[in-house]
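>>> Have a look at this prediction, sequence included:
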Amino acid sequence: MNLGQLVWVVLAAMLVVWIIVTQRFSDRLPTLISIVRGFLDSWLGRCILLAGWAEVGWHLFCQHP
């Protein structure tokens, strides 16, 4: 496993841990859904999401190897 794969595995594990912890202590910690809703309620969050979508689309579909 190279470093890039290790980083993705660690990020996925952290996300799973965050989901489990917030489900257990949802009265004190924001859940993932509330964070995403708060992010998408603002125009800046929607602009960042659109820019990220365009960036991913460019790298996946428009660049030749």
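Ah, there it is. These numbers come from a predicted model, not from an experiment.
>>> C-alpha from now on. contacts and neighbour counts both.
Will do.
>>> Helix or strand for residue 19, just tell me which one.
Per DSSP states H and E: residue 19 is located in helix 3-24.
>>> Please name every helix or strand in contact with that helix.
The contact analysis (3 or more C-alpha pairs under 8 Å, 6 or more residues apart in numbering; DSSP states H and E) places helix 3-24 against helix 32-41.
>>> chain center to the helix it packs on, what's the gap?
With C-alpha atoms, centre = their mean, to the nearest Å as the basis, helix 32-41 stands 11 Å off its chain's centre.
>>> re earlier: kindly export the helix holding residue 19 (C-alpha atoms) in CSV.
Provided in CSV are the C-alpha atoms of helix 3-24 (Å, rounded to 0.1, in the frame of the first residue of the first chain):
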residue,chain,number,x,y,z
LEU,A,3,1.1,6.6,0.9
GLY,A,4,-1.9,7.9,-1.1
GLN,A,5,-3.9,4.8,-0.4
LEU,A,6,-3.0,5.0,3.3
VAL,A,7,-4.2,8.5,3.5
TRP,A,8,-7.6,7.5,1.9
VAL,A,9,-7.9,4.6,4.3
VAL,A,10,-7.2,6.9,7.3
LEU,A,11,-9.7,9.5,6.1
ALA,A,12,-12.4,6.8,5.6
ALA,A,13,-11.7,5.4,9.1
MET,A,14,-11.9,8.8,10.6
LEU,A,15,-15.2,9.4,8.9
VAL,A,16,-16.7,6.1,10.2
VAL,A,17,-15.5,6.9,13.7
TRP,A,18,-17.0,10.4,13.5
ILE,A,19,-20.4,9.0,12.4
ILE,A,20,-20.4,6.4,15.2
VAL,A,21,-19.4,9.0,17.9
THR,A,22,-22.0,11.5,16.7
GLN,A,23,-24.7,8.9,16.6
ARG,A,24,-23.9,8.1,20.2
